[in-house]
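In: Structure for this input, please:
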Amino acid sequence: MTLEQLRIFVAVAEHEHMTRAAESLHLTQSATSAAIAALEARYATQLFHRVGRRIELTEIGRAFLIEARAVLARAAAATTVLTDMAGMTRGSLALAASQTVGNYFLPPVMAHYRQRFPGIDLSLRIGNTEQVADWVRDGEVDLGIVEGAVDDPALATQPVGDDELVLVVGQSHPWARQRTIAPAQFAETQWVLREVGSGTRAIAQSVLDQSGIAPDDIRIAMELPSNEAVCAAVVAGAGASIISRLVAAALIGSGDLIALEASLPTRRFIQLRHKERYVTQAAREMSEMIMADQAARL
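Out: I've put the predicted structure just below:
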């Protein structure tokens, strides 16, 4: 079994399509198919179900995917230790972030980093807080940045910024003509929230729970998988939401969303890294740049 075979297997598993996996790896479809066939023949097992033009992981394939990703992560870490000696002239840095951080907070920092260290290849994966913590713990990324609290003994956490939360409604909402909303009013409306597992959902749910209203009295109209979907639903009149001002700023500025005073808490952006894994110079420089960027915004 070679690292190249593992790399091809992971790509096929993630794309669930042989041709798209081959294209992502800049290989021919025949080379990609041959690598999968060699693995299956060598170990006399079936890694994928062939369903029409689609392929799906078998139960064995799903178990093998976890191990394959771990091996590739360790190989990448070994390479990183060596390239770290090159003085930031070459190397890579894998980042993961929850949606608010990944879509709004981190891209300007990454652009600045790229200008300063053009030899470092940057990659970014976006998921919810729980997913990002999993990727950091499993060694699939070097650093993670999330909005939610993470309690994992394998991970070191560090606050790297603040995020202002805002209560928003659409123009047609009954609250749109009010300036201030008291917590006692939270039960009067329907709510549009992110999915369970996201940092935004966790803190919004905490605010609602602390309002003195029984959880069953909070009417959740929609649970949506992205900040943009939440904003679109609120603009359309589906209900109120508690969301990052970074996310809502443009729609608030245009008047499509109405921001109301509700005395909401400020949350922290938290950086995650694995306590026992080697911290590269590239990762250290990114951490310092994030802190400097946040200080400049204050």
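
In: mind checking the backbone torsions on the closest residue to residue 98 other than its chain neighbours?
Out: Leaving aside its chain neighbours, residue 98 sits nearest to residue 146 (4.4 Å; criterion: Cβ to Cβ, 6 or more residues apart in numbering). From N, CA and C alone the C-beta is placed, and that goes for glycine too. Here is the backbone geometry of residue 146 (degrees, to the nearest 10): phi -130, psi 170.

In: beta partners of residue 146?
Out: According to DSSP bridges, the residues that bridge with residue 146 are residue 270.

In: what do you get for residue 190?
Out: Beta-bridge pairing for residue 190 (DSSP bridges): residue 219.

In: any low-confidence regions in this protein?
Out: 83-87, 295-298 (pLDDT under 70).

In: And the strands in the stretch 151-298 of the chain, which stretches?
Out: 155-170, 190-194, 219-224, 241-244, 257-260, 266-274 (DSSP state E, counting those that start in this stretch).

In: what does the fifth one contact?
Out: It stands for strand 257-260. For strand 257-260, contacts defined as Cβ atoms under 8 Å, 6 or more residues apart in numbering pick out 166-171, 173, 175-176, 178-181, 231, 234-235, 245, 248, 251-252.

In: wait, residue 274 sits on residue 140?
Out: No - assessed by Cβ atoms under 8 Å, residue 274 is found out of contact with residue 140, at 10.4 Å.

In: And the contacts of strand 257-260, which of them are buried?
Out: 166-170, 173, 175, 181, 231, 234-235, 245, 248, 251-252 (16 or more other Cβ atoms under 10 Å).

In: Let me know whether residue 205 touches residue 193 as I believe.
Out: Yes - using Cβ under 8 Å, residue 205 makes contact with residue 193 at a distance of 7.3 Å.

In: So between those two, which is more surrounded?
Out: Between residue 205 and residue 193, counted using other Cβ atoms under 10 Å, residue 193 has the larger neighbour count: 24 against 18.

In: and the more buried one, what does it touch?
Out: Shown in contact with residue 193 (Cβ under 8 Å, 6+ apart): 200-201, 204-205, 220, 222-224, 230, 241-242.

In: how about a cut-off of 7 Å?
Out: 201, 204, 220, 223, 241 (Cβ atoms under 7 Å, 6 or more residues apart in numbering).
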